[in-house]
Structures are given as C-alpha cells and as structure tokens.
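Novice: Everything below, folded, please.
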Amino acid sequence: MKINVLKFKLFVIYLFVGLISPLYISSKEVNNFSNKNDTTNILNTDYFKIYKTSSYLIGPGDVLNISVSPFNPELNTLAAVSPEGTIILPRLNEIYVKDLTVDELNNLLDQAYISYIKFPEVKTYIKEFRNVKVSVNGEVSNPGIYNLKGFYNIKFSKNNTSSLNSNIFNSNDLILSEIDNETSITANRFQLGENSYVFPTLIDAIRSAGGITEYSDLSKVEIIRKDTITNKGGKKKAILNLSRTINEGEFDQNIRIYDGDIIFVSKLNEPSYGNLSKAIKTRINPNSIKVIVSGRVNEPGALTLPLSATLNDALLVAGGPKILKGKLNFVRFNTDGTLDKRKISYSKRAKRGSFKNPLLKNNDLIFVDSSFISSSAEVINEITEPLKGLVSIYGLYKIFEED
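Specialist: So this is what the prediction gives:
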C-alpha cells in the first residue's frame, strides 16, 4: 500500500511538471520577445539630451543673439564678434569670447551678471555663422587652405514672396542639432522653423580642393579639430571612412566641418581609377578639367576636357599635331610639389593611361616641339617673308647663289 501511495505521489509530481513546463517555456519566450520590442529599457528621456552639447567654437565673424533674463529685456543684445574675438555687452562692456562654446559662454555670463541682476538666465543663439576656413592636404587635386560658407535652405510659402532678408529668421527658433562624437555623424543643419542653415561638410572641403586623385585612400581620411576649453583644449583627431559614401551611398562619415579643421587624405600604393570614376558620379570630383596645349598643333590654347581625357584626346581636340612636328613635352605639377616632365614620341595607338598617353589632370601642360625640318622651314619663311611680292623664287635663288 505504501508503494502504491509513493507511486501515486510520483505520478502526480510528474503530471504537474509535465503540464507546467510548457507553460513556463512559453511564458519565457513571450517575455524575451516582448523585451526585444520593448524600448523602455534602452529609450528614455535621456535621449533628448544627446544633442545638448556643441563643440562649435565662437570666433570672429559670428553674430550672437544674447538674452540675459526674461525679466531684464533691456540687457538683451545682438553682438558681432570682432576680429580680436571680443563682443560688447550692456554692463559688462567689452569681453573676450573667442574659442568658447555657447554653453561655456552662457555659464560665464551667468556668473558675470549675478553682480547686476538677481536671477540671470543667459541664453545665447548664433544668428549668423562665420565662414569656415579649413586646410585640406594629402592626396587631393589642389591642396591648400579653403574658405567655405554654408547656405540658407529657404522654403517660401504662397503668402511669403518677399526677398531674403534678416527679418525672415528669428534667432529664438534656432535649435542646434549635433552629436559631439569624434567618429559619429554630426548634423550639419541648423533649423530655423521651416527654413534651415546648412553647414559645409567633409565632402564639401575635399570638393573645394579639386576632388580626389587616383591615389586617394578614402578609407583613411584624417581630420584634426580644436577641442573645447571645457575638455582642456588641445586637439582631437578622428579617422573617417568616406569610401562607404562612394561605394554604398552611406553619408554617416560625411561630418560637418568646423573653422580651423585640418583634413588629410591618405595615399594608396597603387592607383584606383574605379574610385575616381565613382567620385565623379557622387560629385566629389568635377566632371571636367582644363589643360593647355600649345606648339605645333592646329588650334593651340586652353581646353576644357572630360575628366577621363588622355594626352592624345587633348591633341585631337586641339586640331591634331601638324605634319612637321617634333617630340611632345608633357608637364604636370604634382600635389607633393614635384614635377612630372616627359618628352614623348607621338603615337596614335598609345594605350590610354600609358606613359606615352597619360590620363590628364587639371592644369596639365602639353607642348608640341618643332622638328628639324619644320624649324628650317620656319627660318627660311622668316627670312623670305619681307621679300615676298618683290622678287620671284628664281630671283631669291639667284640672290643666295651670288653670295
């Protein structure tokens, strides 16, 4: 009897476990599924604070709209940053603001105005942005320092057909959207209601330098930027991969550039003409170049050619070389300061991109030499030109024969 009771208890336990286990597993799976779709664990109101910090440094040329306190409107002012980096404010007179962020300036002004009013609540907005001056170096067509400006993206309503002026924009509507991260995307748009101010980006900077070359390594674009005073100043550096932009159409690495940024495009060991073609399609590079062809060609001068043009193409557009000609002189000023100078024998069948028929770049020079025969003919022509019409060819022969 005891054995039967024991068996019965074991049977009940087995039955209970058998019935409950599937329910437990299903419940666990449902919980896991709901957790994957429940964003409350990863998304909360802290998300709103992501865009709070700005690394934009105030500098000469910026125009600041400064509100000191809603209870003291007489202290509100519109101040332009002088070339010395200063602004003039009520009560405080001239103060130095260069290289401060908006947040840093607000904090300092709160401290400064506490001596004059009880509850300062300074809010600063940048009404007008200065141009962005950057240095673009490395493997680009025209390295150097470039001055870039953003632009206003205006949407006019049917009731607003007036011309563009400063009254259209209310600086109190400005909301700066930026992720302050060295390697993540930085928003390049400053919203003004329905309108917006668009800042220049990394691609804009490379485009201003004439675009990339066949040796540009877009997977390693280095950018060096001045850091904020709060972060102890100095410089910060990031390596960006723009090859994703031309290959996949992803623009997350095309960050907004800041005044004073230093950009360096790395160099490949071997040329990549595929990248060059894609750079044209994505408008990083211009689709045409300008070269100069002179010497013994039928139509010498400055030519505008497609970016994929070769030396032979340039000669063809220049009317072709004359029958009596010498060597071709090809000259190119490289981005690293060196000179590529070649003396080439003309060949119609030279392979495109070869030494004798190179792919051309902006500002290449081509000069077709005179041959010995053409030179002799030109000398004779110069001597006989003044005598033409005065004596016959036979007469000229007799003149030289007598000598």
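Novice: any idea how far Lys123 is from the nearest residue to Val317 once chain neighbours are set aside?
Specialist: Nearest non-adjacent residue to Val317, counting by C-beta to C-beta, 6 or more residues apart in numbering: Leu303, 5.5 Å away. Backbone N, C-alpha and C define where each C-beta goes, glycine included. Per C-beta to C-beta, to the nearest Å, Leu303 is found 56 Å from Lys123.
Novice: What are the boundaries of the strands in the stretch 51-200 of the chain?
Specialist: 63-67, 77-80, 86-89, 93-96, 123-128, 132-138, 144-148, 151-153, 174-176, 189-192, 195-198 (DSSP state E, counting those that start in this stretch).
Novice: in the second one, what counts as buried?
Specialist: Buried residues in strand 77-80, counted by 16 or more other C-beta atoms under 10 Å: Ala79.
Novice: which other residues reach it?
Specialist: Gly61, Asp62, Val63, Leu64, Asn65, Ile66, Ile87, Ile88, Leu89, Pro90, Lys127 (C-beta atoms under 8 Å, 6 or more residues apart in numbering).
Novice: Can you show me the CA trace of stretch 258-275 as PDB?
Specialist: C-alpha atoms of stretch 258-275 as PDB (Å, rounded to 0.1, in the frame of the first residue of the first chain):
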ATOM      1  CA  TYR A 258      34.500  73.400 -38.300                       C
ATOM      2  CA  ASP A 259      36.600  76.500 -38.700                       C
ATOM      3  CA  GLY A 260      40.200  75.600 -38.200                       C
ATOM      4  CA  ASP A 261      39.800  71.900 -39.100                       C
ATOM      5  CA  ILE A 262      42.800  70.200 -40.700                       C
ATOM      6  CA  ILE A 263      41.900  67.500 -43.200                       C
ATOM      7  CA  PHE A 264      44.400  64.900 -44.600                       C
ATOM      8  CA  VAL A 265      43.600  62.400 -47.300                       C
ATOM      9  CA  SER A 266      45.900  59.300 -47.200                       C
ATOM     10  CA  LYS A 267      47.600  57.900 -50.300                       C
ATOM     11  CA  LEU A 268      47.300  54.400 -51.900                       C
ATOM     12  CA  ASN A 269      50.300  52.400 -53.000                       C
ATOM     13  CA  GLU A 270      48.500  51.600 -56.300                       C
ATOM     14  CA  PRO A 271      46.200  53.800 -58.300                       C
ATOM     15  CA  SER A 272      42.400  53.200 -58.100                       C
ATOM     16  CA  TYR A 273      40.700  54.500 -61.200                       C
ATOM     17  CA  GLY A 274      37.400  53.000 -60.000                       C
ATOM     18  CA  ASN A 275      37.300  55.300 -57.000                       C
END
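Novice: in that stretch, what's buried?
Specialist: Buried residues in stretch 258-275, counted by 16+ other C-beta under 10 Å: Tyr258, Asp259, Gly260, Asp261, Ile262, Ile263, Phe264, Val265, Leu268, Ser272, Asn275.
Novice: Flag whichever of the residues you listed scores worst on pLDDT.
Specialist: The lowest pLDDT within the buried residues of stretch 258-275 belongs to Asn275, with 80.
Novice: what residue ranges in this structure score low on pLDDT?
Specialist: 1-42, 44-54, 152-197, 371-403 (pLDDT under 70).
Novice: which strands and helices sit next to the top strand by length along it?
Specialist: Ordering each strand of the chain by length in residues (DSSP state E) puts strand 216-226 first. Judged by 3 or more C-beta pairs under 8 Å, 6 or more residues apart in numbering; DSSP states H and E, strand 216-226 is in contact with helix 202-208, strand 235-240, helix 243-248, strand 262-267, helix 273-281.
Novice: Now do the longest one against strand 216-226, angle only.
Specialist: For helix 273-281 against strand 216-226, the angle between stretch directions is 60 degrees (axes from the mean of the first three to the mean of the last three C-alpha atoms, to 10 degrees).
Novice: For helix 273-281, enumerate the helices and strands it packs against.
Specialist: Helix 273-281 is packed against strand 216-226, helix 243-248, with contacts defined by 3+ C-beta pairs under 8 Å, 6+ apart.
Novice: quick one on the thing from earlier: including distance to Arg283, could the strands of the stretch 51-200 of the chain go into JSON lines?
Specialist: JSON lines is the format used below for the strands of the stretch 51-200 of the chain (distance: least, C-beta to C-beta, whole Å):
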{"stretch": "strand 63-67", "distance to Arg283": "31"}
{"stretch": "strand 77-80", "distance to Arg283": "34"}
{"stretch": "strand 86-89", "distance to Arg283": "38"}
{"stretch": "strand 93-96", "distance to Arg283": "41"}
{"stretch": "strand 123-128", "distance to Arg283": "28"}
{"stretch": "strand 132-138", "distance to Arg283": "17"}
{"stretch": "strand 144-148", "distance to Arg283": "16"}
{"stretch": "strand 151-153", "distance to Arg283": "16"}
{"stretch": "strand 174-176", "distance to Arg283": "27"}
{"stretch": "strand 189-192", "distance to Arg283": "19"}
{"stretch": "strand 195-198", "distance to Arg283": "15"}
